[in-house]
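K.L.:
need a 3D model of the sequence below.
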Amino acid sequence: METIRLTMAQALVKFLDNQYIEIDGEERKFVKGVFGIFGHGNATGIGEALERQSGSLTFIQGKNEQGMVHTAAAYAKQKNRLEIYACTTSVGPGALNMVTAAGTATVNRIPVLLLPGDNFATRQPDPVLQQIEDPTDYTMAASDAFKPVSKYWDRISRPEQLMTAALNAMRVLTDPVDTGAVTLCLPQDVQSEAYDYPAEFFKKRIHHVERRIPSQSAIKRAIELISRKKHPIIVAGGGVHYALATEELKAFAEAFGIPVGETQAGKSALAWDHSLNMGSMGSTGSLASNILAKEADLVIGVGTRLTDFSTSSKTAFQNPDVEFLGINVSSMDAMKLESQSFVADAKIGLTLLTEELKKLGYQTMYEEGRLPALKEQWDAEVDRLCADQREEGLSQTQVVGEINRAIDEKDIIIAAAGSLPGDLHRLWRSSYPKTYHMEYGFSCMGYEVAGALGIKMAEPDQEVYTIVGDGSYLMLHTELVTSIQENKKINILLFDNHGFHCIHNLQRGQGSEGFGNEFRYRVQESNSLTGDCLPIDFAANARSLGAKGYTVHTVEELREALEQAKKETVSTLIDIKVLPGTCTTGYEAWWRLGVAEVSTSENVQKAYENMEAKLAEARKY
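P.N.:
Got it, this is the predicted structure:
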């Protein structure tokens, strides 16, 4: 047997460079490169291997470990999970900084490969710098924290273990159902230990994405269910994008006149102005979608996890005769809300259902003019909100509308947390698939700037705009520097409302007067954060990092800054001063919160009573 003597880290790099993925006959390189921040635990192991590699993996220097994983995840999501980056860190805090981003990737079913440094396997120099010592379990290390947020976790304590671990990692990373964060913990001594690896281990491997074909009995059951329903609605999720099934979704809806509501992950699967696109679904949903959901006798979920936001905490579907059909590659997702399970690839599943229903001559029985009227009503409401002018300053909804009109239809927007996802879900008008990128499975603050870089790496010929609140920007914006270093221009549209106002609004909606969420000076007399707002110059901050920076207070200044940003060749930040509390709410939507059952506040008591009343409407499973 031919062998190649390499360190474990060198073997890992060589292996990753030869991984490919294939779907529908199209083959592409799966692992494009490695993000890294070096320290003890990876500098002399995988760092040395990357420095002297003879392959084509690109190394990108991160500025924050969490940020670089968000960038890798956004890249993989934009590429429909067909290309990835790995991420390497030192031992201890460098590794732990990736845990939040690992959870974000796993919840959203996005493949990322994490390679944290780990304690010495020999234990001879223990305890080393940054080592966690558990007197009851000496095998415990910081990297054990990745276990609950990883879809596959392994610790390579001998160099030959790499072969089993690497193959399992690829199995999970390329699996449409089980993908997410994969963590291979690399002890710092083992990374540098040599082994005679079989040359066969480094051959070109092609991982095939098999499209799941439903059984004939499943097709028959689904046809029987749909054919006896008069008022179905489709809930389009992220699986529509990942299955490359946007055209099949459109054809299915058009063939039978079925209205479509979009989840955050599914948005842009159907053009906003399509006659059957009723807008966003659920807690951040449109009035049109939520009215139709309430009346629907059949809910067809396509590639959706049916989260609490998509279902308005299980209160969205009120028809006593409503039934559910779950079209999904994941059996767990396909059966949610007691759905009739249709385990299938969305592209194939929708095609087969369309063919069979056409044979029956099936059509929905919505009252003539009902769907166009609801859509027209909602479109008019979006127009109203996006033209919401205030004498005292810029409203958040007006700014969203101005941005939507100013940028090109094929430009890409990204957001993640705060009140902006709700406004964008309701108000943003997407004309093309994959131009709306929202991380809302984990709603992770700090994803926005880092994620914009990942999208720009995935789509270098398109402008990328990250729409981010001031609170989220303050949490994590350092990959802005990486975007400049890599000459990948991103546009940061920062909504400055002086605080965590999404949660401030949430508190007030549940009886609170608002507590601990505004960026204000502390008043010593009352020991409270109720002084003047903090005067933060975000544009100056961006300029100090090498980006262009603009500050706007008026709609005229906003329009001028957006035009100027298009002309810039480096990353640009526009600091937009918006009025707090000017976001959207309502529209037959609800979101369950744990309101205090006992309180001295009458407003909180009323909020608890309202919650109890809504819970009576909610499905129990």
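K.L.:
ok, Gln131 - contacts?
P.N.:
Val91, Gly92, Asn119, Ala141 (C-beta atoms under 8 Å, 6 or more residues apart in numbering). Where C-beta positions appear, they are placed from N, C-alpha and C, glycine not excepted.
K.L.:
actually Ser215, not the one I typed
P.N.:
Ser215 touches nothing, counting by C-beta under 8 Å, 6+ apart.
K.L.:
mind checking how far it is from Ala344?
P.N.:
9 Å (C-beta to C-beta, to the nearest Å).
K.L.:
and if you look at Asn290?
P.N.:
In terms of C-beta to C-beta, Asn290 sits 27 Å off from Ala344.
K.L.:
now Glu323: closest residue in space that isn't a chain neighbour?
P.N.:
Leaving out its chain neighbours, the residue that sits closest to Glu323 by C-beta to C-beta, 6 or more residues apart in numbering is Leu298, at 5.6 Å.
K.L.:
burial count for the one you found?
P.N.:
Number of residues near Leu298 (other C-beta atoms under 10 Å) recorded here: 23.
K.L.:
look up the pLDDT of Asp575 for me, please.
P.N.:
At Asp575, the pLDDT value in this model is 98.
K.L.:
on the three-state scheme, it is what?
P.N.:
Counting by DSSP: H, G, I helix; E, B strand; the rest coil, the backbone at Asp575 sits in strand.
K.L.:
please name the bridge partners of it.
P.N.:
Beta-bridge partners of Asp575, counted by DSSP bridges, are Leu494, Thr551.
K.L.:
that one - how many residues pack around it?
P.N.:
Neighbour count for Asp575, taken as other C-beta under 10 Å: 24.
K.L.:
list the contacts for Val400?
P.N.:
Cys386, Leu420, Asp423, Leu424, Leu427, Trp428, Ile467.
K.L.:
try 7 Å
P.N.:
Shown in contact with Val400 (C-beta atoms under 7 Å, 6 or more residues apart in numbering): Cys386, Asp423, Leu424, Leu427, Trp428.
K.L.:
how about the helix or strand of the chain with the lowest mean pLDDT: buried residues?
P.N.:
Using mean pLDDT, DSSP states H and E, the weakest-scoring helix or strand in the chain turns out to be helix 501-509, at a mean of 80. Buried residues in helix 501-509, counted by 16 or more other C-beta atoms under 10 Å: His501, Cys502, Ile503, His504, Asn505, Leu506, Gln507, Arg508.
K.L.:
on that earlier part again, pLDDT at the residue nearest to Glu323, what is it?
P.N.:
Predicted confidence (pLDDT) for Leu298: 98.
K.L.:
and for Gly180?
P.N.:
The per-residue pLDDT of Gly180 was computed as 98.
K.L.:
neighbours of it, how many?
P.N.:
23.
K.L.:
using the three-state scheme, assign Ile300.
P.N.:
strand.
K.L.:
do I have it right that it meets Glu323?
P.N.:
No: between Ile300 and Glu323 there is no contact under C-beta atoms under 7 Å: 9.9 Å.
K.L.:
these two: which is more packed in?
P.N.:
Neighbours were counted for Ile300 and for Glu323 using other C-beta under 10 Å; Ile300 has more, 29 against 20.
K.L.:
quick revisit: not counting its own residues, what contacts the least confident helix or strand of the chain?
P.N.:
Gly418, Ser419, Gly514, Phe515, Asn517, Glu518, Pro580, Gly581, Cys583.
K.L.:
of the residues you listed, buried ones?
P.N.:
Buried, going by 16+ other C-beta under 10 Å: Gly418, Ser419, Gly514, Asn517, Glu518, Pro580, Cys583, out of the contacts of helix 501-509.
K.L.:
residues contacting the first one?
P.N.:
The reference is to Gly418. Gly469, Gly471, Ser472, Cys502.
K.L.:
what residues of the helix or strand where Lys375 lies count as buried?
P.N.:
Assigning secondary structure by DSSP states H and E places Lys375 in helix 370-385. By 16+ other C-beta under 10 Å, the buried positions in helix 370-385 come out as Leu371, Leu374, Lys375, Trp378, Asp379, Glu381, Val382, Leu385.
K.L.:
other SSEs contacting it?
P.N.:
strand 277-280, helix 287-295 (3 or more C-beta pairs under 7 Å, 6 or more residues apart in numbering; DSSP states H and E).
K.L.:
need the winner for burial among the ones you listed.
P.N.:
Mean neighbour count (mean count of other C-beta atoms under 10 Å) peaks for strand 277-280 among the helices and strands packed on helix 370-385, with a mean of 28.
K.L.:
helices or strands up against that strand?
P.N.:
Against strand 277-280 (3+ C-beta pairs under 7 Å, 6+ apart) you get strand 260-262, helix 287-295, helix 370-385, helix 420-427.
K.L.:
how many neighbours does Ala72 have?
P.N.:
Using other C-beta under 10 Å, Ala72 is surrounded by 34 other residues.
K.L.:
and what about it, helix, strand or coil?
P.N.:
helix.
K.L.:
and the residue nearest to it when sequence neighbours are not counted, what element?
P.N.:
Excluding the flanking residues, the one nearest Ala72 by C-beta to C-beta, 6+ apart is Tyr85, at 4.1 Å. Assigned by DSSP H and E, Tyr85 belongs to strand 84-89.
K.L.:
and the next helix or strand past that strand?
P.N.:
Sequence-wise, the next helix or strand downstream of strand 84-89 (DSSP H and E) is helix 93-96.
K.L.:
now find how far off-centre that following helix is within its chain.
P.N.:
Here helix 93-96 is found 22 Å from its chain centre; the criterion is C-alpha atoms, centre = their mean, to the nearest Å.
K.L.:
do stretch 443-450 as well
P.N.:
On C-alpha atoms, centre = their mean, the centre of stretch 443-450 falls 9 Å from the chain's centre.
K.L.:
kindly check the end-to-end length of it for me.
P.N.:
14 Å (C-alpha to C-alpha, to the nearest Å).
K.L.:
my guess is Gly36 meets Gly62, correct?
P.N.:
Yes: if you go by C-beta under 7 Å, Gly36 and Gly62 touch, sitting 6.5 Å apart.
K.L.:
checking Val481 next. Helix, strand or coil?
P.N.:
For Val481, the assignment made with three-state DSSP gives helix.
K.L.:
could you count how many residues lie near it?
P.N.:
20.
K.L.:
and for Leu129?
P.N.:
11.
K.L.:
and Glu448, by the same measure?
P.N.:
So Glu448, with other C-beta under 10 Å, has 32 neighbours.
K.L.:
report pLDDT for it.
P.N.:
Glu448 carries a pLDDT value of 98.
K.L.:
which element is it on?
P.N.:
helix 447-458.
K.L.:
so what's Phe324 up against?
P.N.:
Per C-beta under 7 Å, 6+ apart, neighbours of Phe324: Val299, Gly301, Leu337, Glu338, Ser339, Gln340.
K.L.:
who touches stretch 430-442?
P.N.:
Contacts for stretch 430-442 (C-beta under 7 Å, 6+ apart): 74, 77-78, 103-104, 107-108, 241, 246, 264-265, 267-269, 271-272, 409-416, 421, 424, 428, 447, 451, 455.
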